[in-house]
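Student: Just a sequence and a predicted model for now, questions to come.
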Amino acid sequence: MNAKAIADPEFFCMFSVDEENRLANFFWRNSQSLHDYCCFRDVVIFDSTYKTNVYDKPLMVFVGVNNHNATTVFGCAFLVDEIADTYRWVLRTFLTSMKDKKPISIVTDGDEAMHVAIDEVFPDAHHRLCTWHIMRNVNTNVNNPEIVRDFSYCVHGGLTPVAFEQHWQQMIDTYDLKGDWIEMMYRKRKRWAEAYCSGHFFGGNTTTQRVEGMHKNLKDGIGRGMKLVECMPRIERSLLRLRNENVKDDFDSNNSHPLLRTHLRSLEEHAASIFTHDIYKLIRNEINKEAKLILVQPVRNNEDPRVYTFSKFGRPDEKWTVVYYKKEQHLQCSCKLFESSGIPCWHMFGVRKCDHMDQINPSVIVAVHGTKTLSSSYTTPNSGFSYGEVSSGSTHYNSNDFTFETPEYSVLESQFDTQASPPRDRNRFWVPFTPIK
């Protein structure tokens, strides 16, 4: 760890010891994780279910979502146990390592000890429970498929809070549900029901699947019989592979052009010029869906704000309302997709078509964390490689979605520094905490 800290000026790690002066908890992250967190700290997802070493210490991985809608890792920790005090320690250490910058939203499983620690360390964050774990809990406690179906509608259905309460009460009365479990689920409803989570930004993340995916990747390289000193290099290699994929995503987005396919070509072209490929595809799907919208009533052009009401072809009873604040160039839709996921919804594109807009509003561009300028590629000091200069000559080839400009010479330049860095104060990155009792 001392060698890592000398090579990486922003490397950070902390540990705590128990009453017998043995290692209890251990957290670390490098400068790439700090850079990613500064860019994409809106949503943090973490879980600690995978025990990877001979000491049975749970491994907690903090992940987020970058501008390519891909997983990025903010930090890792080995924990002594899974109680509230331990979670408080690791969350406070994580916050310290990230310069006290707090996330907007957090997604975890249903661990109650973790919930207690989150409420104390991140009191203002929106905390959402993993919907996959919620439905697994439902299937464990309920044997009736009809109840499971109705419960799933409570979890995933696009209900308003009022509609949720009505549907919940109807489900309780219909199946005569009672007991501690159903009361506990109702108390937690604001952390798992879409009716209450909608409108809070979670970047489209409703589960801890990204963490589970990281655990699966790590499982191939590390096992329960390994010591910590053997686990960490393998974890670092897994993270390096993930970050190499992010570098490739950056390169592809900056050196290729999507093939335009929708009926709103100017809006699609503007989106393609600003957003990365993966975010552009999500926006393109919304533009395609706009073709099914029908404007229910005419709008007066001299009004500000203007109110647009849309229905869907074939489903006249479904209606959505979009308010357009022309002076501020701001759109607000009743579906709340933009507020929840950061992707402008198809109803907003309906307003843009009605008003003959050929570009996406600046306020939307700022809010969507999927622009090409928000690069996750960052070469840490002495870490190795980055894309070098390319020649002006290039060739072209087509894929199903994109036209690529391939440089004649794409060079990977080594950036190893030949001069060793001066010694640094080791207490900055290697600080023992008060023993956990």
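Tutor: Cool, got the structure. Residues are numbered from 1 along each chain as shown.
Student: Skipping its backbone neighbours, what lies nearest the most centrally placed residue in the chain in space?
Tutor: Geometric centre of the chain, nearest residue: Val65, 3.5 Å, by CA atoms, centre = their mean. Spatially, and ignoring its direct neighbours in sequence, Val65 is nearest to Gly203 (4.9 Å; CB to CB, 6 or more residues apart in numbering). Every residue, glycine included, has its C-beta placed from N, CA and C.
Student: residue contacts, that neighbour?
Tutor: Asp42, Val43, Val65, Ser105, Ser341, Gly342, His369 (CB atoms under 8 Å, 6 or more residues apart in numbering).
Student: Scan the chain for its longest helix.
Tutor: Ranked by residue count and defined by DSSP state H, the top helix of the chain is helix 228-254.
Student: That helix: what's the following helix or strand?
Tutor: Next helix or strand after helix 228-254 toward the C-terminus (DSSP states H and E): strand 256-258.
Student: Give the buried residues for whatever helix or strand comes next after that following strand.
Tutor: Moving toward the C-terminus from strand 256-258, the next helix or strand (DSSP H and E) is helix 265-274. For helix 265-274, a neighbour-count test (16 or more other CB atoms under 10 Å) marks Leu267, Glu268, Glu269, His270, Ala271, Ala272, Ile274 as buried.
Student: can you list the weak-confidence ranges in the stretch 1-150 of the chain?
Tutor: Filtered on pLDDT under 70, the stretch 1-150 of the chain yields the residue ranges 49-55.
Student: An error on my part: the question was meant for the stretch 251-400 of the chain.
Tutor: Applying pLDDT under 70 to the stretch 251-400 of the chain flags residues 366, 375-400.
Student: switch to 90 and redo it
Tutor: 257-258, 297-305, 326-329, 361-400 (pLDDT under 90).
Student: my guess is Glu212 contacts Phe46, does it?
Tutor: No - between Glu212 and Phe46 there is no contact, the gap being 11.3 Å when judged by CB atoms under 8 Å.
Student: Looking at the two now, which is surrounded by more residues?
Tutor: Set side by side, Glu212 and Phe46 show more neighbours around Phe46, with 26 against 18, by other CB atoms under 10 Å.
Student: that older thread, among the buried residues of helix 265-274, find me the one that's closest to Val138.
Tutor: Among those, Ala271 lies closest to Val138 (CB to CB), at 38.1 Å.
Student: need the contact list for the spatially closest residue to that closest one that is not a sequence neighbour.
Tutor: Spatial nearest neighbour of Ala271, excluding adjacent residues (CB to CB, 6+ apart): Ile283 at 4.7 Å. Ile283 sits next to Glu268, Ala271, Phe275, Ile343, Pro344 when contact means CB under 8 Å, 6+ apart.
Student: ok, now how distant is Ile283 from Leu337?
Tutor: 11 Å (CB to CB, to the nearest Å).
Student: Now for the two: what residues contact both?
Tutor: With CB under 8 Å, 6+ apart, Ile283 and Leu337 have common neighbours Ile343, Pro344.
Student: quick one: the helices in the stretch 51-200 of the chain?
Tutor: Under the criterion DSSP state H, counting those that start in this stretch, helices of the stretch 51-200 of the chain are mapped to 84-97, 112-121, 131-141, 145-156, 161-175, 180-187, 194-197.
Student: who wins for proximity to Arg237 among those helices?
Tutor: helix 84-97 (21.3 Å).
Student: quick one: the closest one to helix 112-121, angle?
Tutor: 40 degrees (axes from the mean of the first three to the mean of the last three CA atoms, to 10 degrees).
Student: ok, the buried residues of helix 265-274 vs Thr309, which is closest?
Tutor: Leu267 (21.0 Å).
Student: Can you list which of the contacts of Gly203 are found in strands?
Tutor: Among those, DSSP state E puts Val43, Val65, Ser105 in strands.
Student: Could you dump the residues you listed into CSV and include distance to Ala77?
Tutor: Formatted as CSV, these follow (distance: CB to CB, whole Å):
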residue, distance to Ala77
Val43, 19
Val65, 20
Ser105, 20
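Student: between the residues you listed, which is nearest Lys4?
Tutor: Val65 (25.9 Å).
Student: what pairs with that closest one across the strands?
Tutor: Going by DSSP bridges, Val65 is paired in beta bridges with Thr71.
Student: circling back: do I have it right that the residue nearest to the centre of the chain meets Asn205?
Tutor: Yes - using CB under 8 Å, Val65 is in contact with Asn205, at 6.6 Å.
Student: how far does stretch 356-367 sit from the chain's center?
Tutor: For stretch 356-367, the separation from the chain centroid amounts to 22 Å (computed by CA atoms, centre = their mean, to the nearest Å).
Student: List of residues touching that stretch?
Tutor: By CB under 8 Å, 6+ apart, the residues outside stretch 356-367 that reach it are 266-267, 270-271, 274, 328-331, 338, 342, 344, 348, 351-352, 371.
Student: Stretch 263-277 too?
Tutor: 67-69, 249-250, 252-253, 256-258, 260-262, 280, 283-284, 287-288, 290-291, 349, 352-353, 357-360, 365, 368, 370-372, 401-402.
Student: picking that back up, list the helices and strands the longest helix of the chain packs on?
Tutor: Packing partners of helix 228-254 (3 or more CB pairs under 8 Å, 6 or more residues apart in numbering; DSSP states H and E): strand 23-29, strand 71-78, helix 209-219, helix 277-289, strand 385-390.
Student: Spit out the contact partners of the closest residue to Ser33 other than its chain neighbours.
Tutor: With CB to CB, 6+ apart as the criterion, Ser33 has its nearest non-adjacent residue at 5.1 Å, and that residue is Phe74. Counting by CB under 8 Å, 6+ apart, Phe74 touches Arg29, Ser33, Asp36, Tyr37, Arg41, Val44, Phe62, Val63, Gly64, Phe94, Met98.
Student: tell me which of the residues you listed is nearest to Asp85?
Tutor: Ranked by distance to Asp85 (CB to CB), those are led by Phe94 at 15.1 Å.
Student: is it true that the closest one touches Ser33?
Tutor: No - the criterion here is CB under 8 Å, and Phe94 misses it with Ser33 at 10.2 Å.
Student: can you list the buried residues of helix 265-274 in a markdown table and add distance to His126?
Tutor: Listed next are those as a markdown table, based on distance: CB to CB, whole Å:
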| residue | distance to His126 |
| --- | --- |
| Leu267 | 30 |
| Glu268 | 32 |
| Glu269 | 34 |
| His270 | 31 |
| Ala271 | 27 |
| Ala272 | 31 |
| Ile274 | 27 |
